[in-house]
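Undergrad: The sequence isn't on hand, but the structure is:
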């Protein structure tokens, strides 16, 4: 009995996300051919995918790209913010999303119709990645010149809107990303709080509200030299957060 339980525990738990039922059925059938992988849930859109993943905490998500509402790339960004975050393999009929897949740190990229041999390779990669140790922390992808860097969300202290970009103030310095403050606020509502129309602050590192020499309310943020101004509209919410 103990050996059987060990086999079940070591199996790769998988969630399938695709709005086309035939595609879901095909992936499920392919997964059934692998005794060390099991499907623990299915979803047809982003909201369902997030809910299933919160409940099941799968090792891996097989994720379609083109879906109604939030697409697979946007869904992947939200999945990366979960704790623990699942590994992600894109399954799509189009090759043009490969660069986007890299930006959200997808483990692999499968083009439909998925061949059994190709899926097996991808699942083996996922199994090895899972067994290497704790899953990677959720990150934001930022460009520094020609270099693409991954900034752990735990290292981010302040996000400030600057023209067409957002400046990320993190433990390693500063970086620019193209994501808007609104999209970041929607993707990571448990991570950041809006203090001003031009600034978000890490909830976990918000320490105080004070009045500067010019009479403006500002926030003090742990391990950050930047102190964004707090708008009158957001002041009450920020004070409630500090008291909680």
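TA: Thanks, I have it. None of these values were measured; they are calculated from a predicted model. Numbers count the residues shown, from 1 in each chain.
Undergrad: What part of the protein, helix or strand, is modelled with the least confidence?
TA: Evaluated with mean pLDDT, DSSP states H and E, the helix-and-strand set of the chain has its lowest mean pLDDT in helix 2-10, which scores a mean of 35.
Undergrad: quick one: strands adjacent to the helix or strand following it?
TA: Using DSSP states H and E, the helix or strand that follows helix 2-10 in sequence is strand 12-17. Here strand 12-17 is paired, per DSSP bridges, with strand 37-43 (parallel), strand 60-63 (parallel).
Undergrad: Now do the helix or strand just after the shortest one against strand 37-43: the angle between them, please.
TA: Moving toward the C-terminus from strand 60-63, the next helix or strand (DSSP H and E) is helix 72-80. Counting by axes from the mean of the first three to the mean of the last three Cα atoms, to 10 degrees, helix 72-80 lies at 110 degrees to strand 37-43.
Undergrad: From the contact counts, what lies against helix 72-80?
TA: The contact analysis (3 or more Cβ pairs under 8 Å, 6 or more residues apart in numbering; DSSP states H and E) places helix 72-80 against helix 46-56, strand 60-63, strand 87-92, helix 98-103, helix 181-187. For glycine as for every other residue, the C-beta is placed from the backbone atoms N, C-alpha and C.
Undergrad: Please work out which of these is packed deepest.
TA: Counting by mean count of other Cβ atoms under 10 Å, strand 60-63 has the highest mean neighbour count of these, with a mean of 28.
Undergrad: pull the longest helix from this protein.
TA: In the chain, taking DSSP state H as the definition, the longest helix is helix 116-131.
Undergrad: tell me which strands and helices that one is in contact with?
TA: Here helix 116-131 touches strand 12-17, helix 21-32, strand 60-63, strand 87-92, strand 108-111, going by 3+ Cβ pairs under 8 Å, 6+ apart.
Undergrad: who's in contact with that helix?
TA: Applying Cβ atoms under 8 Å, 6 or more residues apart in numbering, the contact partners of helix 116-131 are 12, 27, 30-31, 33-34, 36-37, 59-60, 87, 89, 107-108, 110.
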